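Participant: Let me see the structure of the following:
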Amino acid sequence: MKKIYFLFACLIFTGFVRAQDSVVDDIINAEKPKHQNTAYTFKGTHIICGESIEMTKKNALDFRVVHRFGNIADKNAGHTLAGFYAISDVLFSFDYGITDDLSVGTEFSKGAGPVQELYNVHLKYRVLKQTTDFHIPVSISLYGNATVSGMKLDPFTFQKWRYTTTDTVTHITTTHGSVAHRFSYLLQALIGCKATDWLSLQLSPTFLWRNYVGPGAIGAGQDRNGIFFLGLSARAKLTKRQALVFEYFLPITRGGATYREYFPMLKGNTHSGYYPCLNIGYEVETGGHVFTVTLTNTQGLKENDFLPFNNATWAKGEFRLGFTISRVFQFGNKNINPWTGKEPKKKKKAE
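Facilitator: Numbering: from 1, shown residues only. Purely as a prediction, here's the structure:
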């Protein structure tokens, strides 16, 4: 009988120890940090001109107004007030969040290249979110647009070029272009990382297809309908509401494939028909608005415009001032913060 009591006591003690271990394991597991998503890699859906990995929150509308002025160091800068009276482009943009990871939108801009009066529709989808513990090290969003020009059709703008060459003469035959000549298309993979609390980085592999290659581009040298670019962007936070932002778009091309070349400014080439886009900005968040002041050598504001046609260089003082104002409006649940997509935490009542 004593042996039975002793065995029964051992079983009870073992069960008690296992129960304690289970409780301890539950406490430890509860204290382990979960894989939380990184917030505010960038402050808005755009960095300067280019897209960022950030999305428009569900049921929110992101409205942007962007201006680009004339050259600050132009010979007529005194008469144009450092370019303020010589505006090169203006853009209006609307983005609506269908879900937190999917948005649609439209933009229209004056345009600054040979093809102007630009209208587009675009789609953006986030496929991966970075976590604060770097379990997932990057965020990835996909972006695409279709852009059309509203310019009046004329033989000097929308036309089809055909070359026949003899020993001494190149003959150019022109015909009126079709409506398809007005379209261009952009595809981007946006790969971003919040490396530290104050530094965010992004790579933007980009493919641009233009149905029409105009005489301005042909006059500058050989050109192609499809071109690859690589965007390099960064955001350095200065304070909770202020930051410096940077963009650089480099054409990815073989030597002689087009008239575009790598790093012409560093090579001292001041007569190139194309210069990579270099943008620097100062960003401020003020009560629901994001305001960005920029210095840039780009004239256009839409990738379909400034990526293929940029012919200004910082080396010759051909840079200009611009600004962006972004405002987010939240629809549906008015208690949701449009920047975070979440309701504010309720304060506990004092007992």
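Participant: which stretches of the stretch 51-200 of the chain aren't confidently modelled?
Facilitator: 75-79, 82, 153-177 (pLDDT under 70).
Participant: all helices of it, in order?
Facilitator: Using DSSP state H, counting those that start in this stretch, the helices found in the stretch 51-200 of the chain span residues 77-80.
Participant: Against E247, how distant is the spatially most central residue of the chain?
Facilitator: Geometric centre of the chain, nearest residue: E51, 1.1 Å, by CA atoms, centre = their mean. E51 sits 10 Å away from E247, going by CB to CB, to the nearest Å. In this view, the C-beta of every residue, glycine as well, is placed from N, C-alpha and C.
Participant: just A189 next, same as before
Facilitator: With CB to CB as the criterion, A189 and E247 are 16 Å apart.
Participant: do R182 as well
Facilitator: Plainly put, R182 is 27 Å away from E247 if you go by CB to CB.
Participant: Isn't the residue nearest to the centre of the chain up against L187?
Facilitator: No. Counting by CB atoms under 8 Å, E51 stays clear of L187, with 11.3 Å between them.
Participant: Overlap in contacts, those two.
Facilitator: Y143 (CB atoms under 8 Å, 6 or more residues apart in numbering).
Participant: ok so, going back, list the contacts for the residue nearest to the centre of the chain?
Facilitator: Contacts of E51 by CB under 8 Å, 6+ apart are 45, 124, 141, 143, 188, 190, 204.
Participant: just the strands in the stretch 1-150 of the chain please.
Facilitator: Assigned by DSSP state E, counting those that start in this stretch, the stretch 1-150 of the chain shows strands spanning 60-71, 89-99, 102-109, 118-128, 139-149.
Participant: Tabulate these (CSV), appending distance to N310 and mean neighbour count.
Facilitator: Shown next, in CSV, are the strands of the stretch 1-150 of the chain (distance: least, CB to CB, whole Å; neighbours: other CB atoms under 10 Å):
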stretch, distance to N310, mean neighbour count
strand 60-71, 12, 20
strand 89-99, 12, 19
strand 102-109, 15, 19
strand 118-128, 15, 18
strand 139-149, 16, 20
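Participant: Out of the ones you listed, which gets nearest to E318?
Facilitator: For E318, the closest of the strands of the stretch 1-150 of the chain is strand 60-71, at 5.4 Å, according to CB to CB.
Participant: Check the offset of the closest one from the chain's centre.
Facilitator: 13 Å (CA atoms, centre = their mean, to the nearest Å).
Participant: Next: stretch 191-211.
Facilitator: Counting by CA atoms, centre = their mean, stretch 191-211 comes out at 7 Å from the chain centroid.
Participant: Could the C-alpha coordinates of it be exported in PDB?
Facilitator: This file holds the C-alpha atoms of stretch 191-211, laid out as PDB (Å, rounded to 0.1, in the frame of the first residue of the first chain):
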ATOM      1  CA  ILE A 191      12.600  48.000 -52.900                       C
ATOM      2  CA  GLY A 192      13.000  50.000 -49.700                       C
ATOM      3  CA  CYS A 193      14.600  49.500 -46.300                       C
ATOM      4  CA  LYS A 194      14.500  51.500 -43.100                       C
ATOM      5  CA  ALA A 195      18.100  50.800 -42.300                       C
ATOM      6  CA  THR A 196      18.100  52.800 -39.000                       C
ATOM      7  CA  ASP A 197      15.700  55.000 -37.100                       C
ATOM      8  CA  TRP A 198      16.900  58.000 -39.100                       C
ATOM      9  CA  LEU A 199      18.000  56.600 -42.500                       C
ATOM     10  CA  SER A 200      15.800  55.000 -45.200                       C
ATOM     11  CA  LEU A 201      17.100  53.700 -48.600                       C
ATOM     12  CA  GLN A 202      15.300  52.600 -51.800                       C
ATOM     13  CA  LEU A 203      16.200  51.000 -55.200                       C
ATOM     14  CA  SER A 204      13.800  51.500 -58.100                       C
ATOM     15  CA  PRO A 205      14.500  49.300 -61.100                       C
ATOM     16  CA  THR A 206      12.400  50.900 -63.900                       C
ATOM     17  CA  PHE A 207      11.300  50.100 -67.400                       C
ATOM     18  CA  LEU A 208       9.900  52.800 -69.700                       C
ATOM     19  CA  TRP A 209       8.300  52.000 -73.000                       C
ATOM     20  CA  ARG A 210       7.300  54.900 -75.400                       C
ATOM     21  CA  ASN A 211       5.200  54.100 -78.500                       C
END
